[in-house]
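> Any chance you could fold what I've pasted below:
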Amino acid sequence: MNKLWTLTRKEVLLAFRDRGALISMLLTPLLLTVAIAAAFGGGGDQPISNIPVLLLNRDEGPLAAFIVEAFESEPLQDLVVAERVTDEAEARVRVDRGEAAALVLLPADFSERMLPLTPLFAAADSQIEPLTPEQMEAIWHSFGAPEAGADPTLVELYASPTRRIGTAVTQAILSQVLDGMQVTVRGVQASMSQLAQDPAAQADPMQLVALSQTLGEGLLEQAQPIEARIQLTIDDGDFRPFRWVDYSAASMAVLFMMFTATAGGRSLLQERESGTLPRLLISPNRPTVLLVGKMTGVAATGVLQMVILWRASGLIGAYWGPTLPVVVAILALVVCATGLGALIAGWARTTSQAAALGTGVTLVGGALSGSFFPRNNLPTWVQSVSLLTPNSWGIEIFARFQSGYELSAVAPYLAGALGLALAYYIVAALGFRRQFSV
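Just a heads-up that it's a prediction; the model follows:
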């Protein structure tokens, strides 16, 4: 055990005594975190493509159908992928799991409360007697401003805790449609006010529709304030909002910890080429102890690096999650990254080859996993393939902790990272056996 501790301590001291390594491990990721957070406004958001949105329409009227059709319209096809659903409980679960950015719920009485024109169209279609002044007065009052204390028509947007960017885009689309709808209702209200005082117009109910449309378009051009007949509620549950500084701090830390892990594994080849490793292998020490001690030192360096970045990024406002879950995640991710470093060291033939492989795998893995931009912006198949890298598991894990998930809810992702680590070490062991006859 003393030999294992000595080897581990040596690796940590060598890493932290190297000023160049310190700049690469600590200063660079912190500067990138600040730059990315500043570029995106700290807690800012940005539009993305192919946002999955669930639509639950309980209303059979034309206005709710108009909202659904707006999400399914051709101009938005590249921006959102709308899906109609009927089961609210299942839809909410899908949003919680991150399968969709948001769920839009339209109430059963939406069209009836917003546009009670059915008597007018029925009168025109059946060619019955014109509406009486009393009927016109009743319909006109239905378009008036809500009485004090009356509840507005509610439209709910149930937001995903892990797809904050998609949720913001969905909210913007829905708000624009609802705002235009409220302007139209105000135009109808103004039309009814005029017609209620014009006996000649009462004889032809369809004039009401034409005049309402004209006045509604005029209000749109003037952009005058109107009474809020529709209330959009955003249900985030108990989850925290997405912030770029949180996302970039954790993702940059994992990325640069990958550089450290792959460089640590590469040092095995450097010692072999310098003759240090062969001399150690002929000593009374077992080769397995030497290799385990070497990789344990690399892992300890990675843990220290992650802890320092975690605490340092907290000084600029970054939040990674509760203390215990973050510590567990750091340990799991460092073990996984160290396994990848061991795999590269076990199968690379030279130090330069290992360096190229380590840098390439780290950068490609970072790009595929979403270290430099939102992971949800990637195609689904890319997100699946990227789970072969520690970067992806780190982003998935920390994104959930940052949103407010409990440790138990993130346990499957921690298990996934450890399972990948086991696979790395098995393949690495085969490479070490081939190289060093362990």
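
> going forward, measure contacts between C-alpha atoms and count neighbours the same way
Fine.

> Can you report how many residues neighbour the nearest residue to Arg84 once chain neighbours are set aside?
Closest residue in space to Arg84, ignoring its immediate chain neighbours: Leu55 at 4.7 Å, by Cα to Cα, 6 or more residues apart in numbering. Leu55 has 21 neighbours, counted by other Cα atoms under 10 Å.

> Report the secondary structure state of Leu55.
Following DSSP: H, G, I helix; E, B strand; the rest coil, Leu55 is assigned to strand.

> How much space separates Leu368 from Pro412?
21 Å (Cα to Cα, to the nearest Å).

> the more surrounded of those two?
Legend: neighbour count by other Cα under 10 Å for Leu368 and Pro412, higher for Leu368 (23 against 12).

> OK, contacts around that one?
Residues in contact with Leu368 (Cα atoms under 8 Å, 6 or more residues apart in numbering) are Leu378, Val382, Gln383, Ser386.

> In three-state terms, how would it be classified?
Recorded secondary structure, Leu368: helix (three-state DSSP).

> That one and Thr323, how far apart?
Relative to Thr323, Leu368 is positioned 28 Å away (Cα to Cα).

> Check Ala342 too.
Using Cα to Cα, Ala342 is found at 28 Å from Thr323.

> between the two, who's got more neighbours?
The neighbour comparison of Ala342 against Thr323 (other Cα under 10 Å) goes to Ala342, with 31 against 9.

> what pLDDT, on average, does the helix or strand encompassing the more buried one get?
Here Ala342 sits within helix 323-347, counting by DSSP states H and E. Mean pLDDT, computed over helix 323-347, is 92.

> before we move on, what about stretch 380-391?
Rounded mean pLDDT across stretch 380-391 is 87.

> Give me the residues contacting stretch 317-336.
With contact meaning Cα under 8 Å, 6+ apart, stretch 317-336 is reached by 245-246, 249-250, 254, 257, 261, 299, 302-303, 306-307, 310, 313, 390, 393-394, 397-398, 401-402, 404, 407, 414, 417-418, 420-422, 424.

> A strand includes Arg92, no?
No - using three-state DSSP, the assignment for Arg92 is helix, not a strand.

> That one touches Pro161, doesn't it?
No - taking contacts as Cα atoms under 8 Å, Arg92 lies outside contact range of Pro161: 11.4 Å.

> and stretch 346-358, C-alpha only, in CSV?
In CSV, the C-alpha atoms belonging to stretch 346-358 read as follows (Å, rounded to 0.1, in the frame of the first residue of the first chain):
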residue,chain,number,x,y,z
GLY,A,346,-2.5,0.7,-23.6
TRP,A,347,-2.9,0.6,-27.4
ALA,A,348,-0.8,3.5,-28.6
ARG,A,349,2.7,2.6,-29.9
THR,A,350,4.5,5.9,-29.3
THR,A,351,4.2,9.0,-27.1
SER,A,352,3.4,11.2,-30.1
GLN,A,353,0.7,8.8,-31.3
ALA,A,354,-0.9,8.8,-27.8
ALA,A,355,-0.7,12.6,-27.7
ALA,A,356,-2.5,12.8,-31.1
LEU,A,357,-5.1,10.3,-30.1
GLY,A,358,-5.7,11.9,-26.7
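
> Quick check: buried residues in it?
Residues of stretch 346-358 classed as buried: Gly346, Trp347, Ala348, Thr351, Ala354, Ala355, Leu357, Gly358 (neighbour count, 16 or more other Cα atoms under 10 Å).

> For the stretch 301-438 of the chain, which segments are assigned as strands?
Shown for the stretch 301-438 of the chain, no strands are assigned by DSSP state E, counting those that start in this stretch.

> what ranges do the helices span in it?
Listed from the start of the chain, the stretch 301-438 of the chain has helices (DSSP state H, counting those that start in this stretch) covering 323-347, 351-369, 380-385, 390-403, 407-436.

> Output the ones you listed in CSV, with distance to Ser111 appended to each entry.
What follows is the helices of the stretch 301-438 of the chain, written out as CSV (distance: least, Cα to Cα, whole Å):
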stretch, distance to Ser111
helix 323-347, 47
helix 351-369, 43
helix 380-385, 36
helix 390-403, 35
helix 407-436, 40
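
> Nearest to Arg84, out of those?
Closest approach to Arg84 among the helices of the stretch 301-438 of the chain (Cα to Cα): helix 380-385, 20.2 Å.
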